[in-house]
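> starting from these lines, generate the structure:
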Amino acid sequence: MKVRARAAALIAAACCLSIVLPAQQPASAPYTVVSREARRPLAVRVVGGQEMFALDDLARLFSLTIREDTVAGALTVTAGAQTIVLSPQQPLASVAGRMISLPAAPVRDGRAWYVPVDFVSRALAPGATPRIELRKPSRLILTGDIRMPRVAARVEPLGTLTRVTVDIAPATPHSVAQDGTRLIVRFEADALDLGDLRVPATTDTLQAIHLGDAPQTIALDLGPRFASFRASDQSAPAGGGRIVIDLMSQTEAAPPPGAPQPAQPVPSVPGETPPLLDMPPPGGLRTIVIDAGHGGDDNGARGAKGTVEKTVTLSVARRLKAAIESRLGVRVLLTREGDAAVAADQRAAVANNNKADLFISLHANASVRPGVAGAEVFYLSLEGYGEQGQRASQGSAEALPVVGGGSREIEITPWEMAQARHIPESTTFARAIEATLRERGVPISARALQQAPFRVLVGANMPAVLVEMGFLTNAQDEHRLSADDQQGALVQALLDGILRYRSTAAGTR
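Residues are numbered from 1 along each chain as shown. Got it, this is the predicted structure:
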């Protein structure tokens, strides 16, 4: 009698929990199940604010067997050799004896059972053969060996060029080629899972981005002043890939149809946008290294609204790199291309190994006092290095034996003393940047120009500065450092500082 009573109670509880009113629930767009053979829709029901699939629909698509045990109050789903047990009363599932959580318990409507969408990824997919992959943002379920990388793009107008960054997950072989008034990016895939491809505003070189004529391609519609492009590949986190495509603009105005060709080049229109190339004079700048501070597990400072230093420094570094390349024609390297941890000495080593002419380390500051704000520019202090630092600043040479006999004077600078001899040039560089930050209206700290023994500057064997672009712990600075237009103003000020230093350094030769 006790067993029958318990069974009756379980059945009653299951019936009570399965009461839903489908007609009162909002409609929801279906998912698409994609395989090499076909694309099939999979209906979605919203129950209690939770999107759900009918178990019968999943059974037809993935060859599942469903058995309801009313006495035990459980549902058993068999997928090949895998057994999944569900309880109508609990948002849990037992998968091959291992308990996993679900966002909601299964519910019943009439004779049909519904399970939350995440049942597919959490319970069904781990042991499925062939593979099953749920992609909620795209409302897709991939099955089998179909190759369908996720692709998203963002667009940054950067002076005379437009930068298109295409992220691919997972990394997929691809090619970029011009086809008339379009650039076609073709992937070695069966199809593409397209994310956000919107262009925030058309530019002279880019009108739109969209799926190409083939399902494995995306197309970039080029603007009327497009001149040329360059494409490069970068690594991305979690096994992804990244394509950076720079669209260069024409630097001269095109004459109207039928107009005679001018004897001299048309001068560029005055304004903020500089000509595409302003090549440095002989002996001028050839290589600049920009260091985006922090990265990886090291987030750096964080603002009250969640702005993270490592993200700000990388964004400004990328923008500054593009601005320098387009204005000066100078080789620019970043110490990190993505969210990666890089040791302080390795950052200086990138500059040293590439014989950089300048080194700029970008950071964002923090303070226990939220009122402290403004940018600050630092160069290395020799305080604490004593007489050794003074000797290094003057340079020294040692006579070393060479093959074949005799000796040769070799200038030797210890790593920790490399910056010492460049202090005068670093001082000039820091003053130039501090001045152009003021001129461009960038908020400046009361202590705008300082010396400090920063480790990242110590090993740099060239003029080097560290720029604290503002305080993330200050509300106004946090907003400024996360806004696109304000980052653009900061980049322009840094570029002006580099140009001013170049002119000053050339005048002292």
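
> show me the domain layout of this protein.
2-143, 150-249, 287-507 (automatic domain parsing).

> ok, of those domains, where does mean pLDDT dip lowest?
Among the domains of the chain, domain 2-143 carries the lowest mean pLDDT, at a mean of 80.

> which parts of the stretch 351-500 of the chain are strands?
358-365, 375-380, 397-401, 407-411, 444-452, 464-471 (DSSP state E, counting those that start in this stretch).

> reformat the domains of the chain as a markdown table; add mean neighbour count.
All C-beta atoms are positioned from the backbone trio N, CA, C, and that covers glycine. A markdown table is the format used below for the domains of the chain (neighbours: other C-beta atoms under 10 Å):
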| stretch | mean neighbour count |
| --- | --- |
| domain 2-143 | 16 |
| domain 150-249 | 17 |
| domain 287-507 | 18 |
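
> returning to that earlier point: what's the closest of the strands of the stretch 351-500 of the chain to V166?
strand 358-365 (24.5 Å; C-beta to C-beta).

> span of stretch 479-488 from start to end?
Length of stretch 479-488, first residue to last, C-alpha to C-alpha, to the nearest Å: 13 Å.

> identify the residues contacting it?
Stretch 479-488 is touched from outside by 303, 305, 307, 312, 315-316, 319, 364, 443, 469-470, 472, 490, with contacts defined as C-beta atoms under 8 Å, 6 or more residues apart in numbering.

> biggest separation within those, which pair?
Maximum distance among the contacts of stretch 479-488 (C-beta to C-beta): 20.8 Å, for K305 and R319.

> for the stretch 1-150 of the chain, which segments count as helices?
Assigned by DSSP state H, counting those that start in this stretch, the helices in the stretch 1-150 of the chain fall at 2-17, 55-62, 118-119.

> tell me which of the contacts of stretch 479-488 fall in helices.
312, 315-316, 319, 490 (DSSP state H).

> and these, which is closest to F229?
For the ones in helices among the contacts of stretch 479-488, the nearest to F229 is R319 (18.5 Å; C-beta to C-beta).

> distance of the nearest residue to that closest one once chain neighbours are set aside relative to G159?
Spatially, and ignoring its direct neighbours in sequence, R319 is nearest to V491 (4.6 Å; C-beta to C-beta, 6 or more residues apart in numbering). From V491 over to G159 the distance is 9 Å, taken as C-beta to C-beta, to the nearest Å.

> mutual contacts of these two, please.
A323.

> returning to what we had before: rebuild the strands of the stretch 351-500 of the chain as CSV, extending it with distance to R438.
Output for these, formatted as CSV (distance: least, C-beta to C-beta, whole Å):
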stretch, distance to R438
strand 358-365, 17
strand 375-380, 9
strand 397-401, 41
strand 407-411, 37
strand 444-452, 6
strand 464-471, 13
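
> let me know which of those is the nearest to S28.
Using C-beta to C-beta, the strands of the stretch 351-500 of the chain put strand 358-365 closest to S28, at 41.6 Å.

> partner strands of the closest one, with direction?
strand 287-292 (parallel), strand 464-471 (parallel) (DSSP bridges).

> can you put those strands in a markdown table and add distance to A340?
Shown next, in a markdown table, are the strands paired with strand 358-365 (distance: least, C-beta to C-beta, whole Å):
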| stretch | distance to A340 |
| --- | --- |
| strand 287-292 | 10 |
| strand 464-471 | 19 |
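
> those: which one's closest to A201?
Of the strands paired with strand 358-365, nearest to A201 by C-beta to C-beta is strand 464-471, at 25.1 Å.

> chain center to that closest one: distance?
In terms of C-alpha atoms, centre = their mean, to the nearest Å, the centre of strand 464-471 is set 21 Å apart from its chain centre.

> what of stretch 227-238?
The answer for stretch 227-238 is 12 Å, by C-alpha atoms, centre = their mean.

> can you check stretch 298-307 too?
Chain-centre distance of stretch 298-307: 16 Å, with C-alpha atoms, centre = their mean.

> likewise for stretch 234-243?
9 Å.

> can you tell me the centre-most residue of this structure?
When C-alpha atoms, centre = their mean is applied to the chain, the residue found nearest the centroid is G338 (6.3 Å).

> how about that residue, what does it touch?
Counted by C-beta under 8 Å, 6+ apart, G338 has contacts 234-237, 242, 295, 314.
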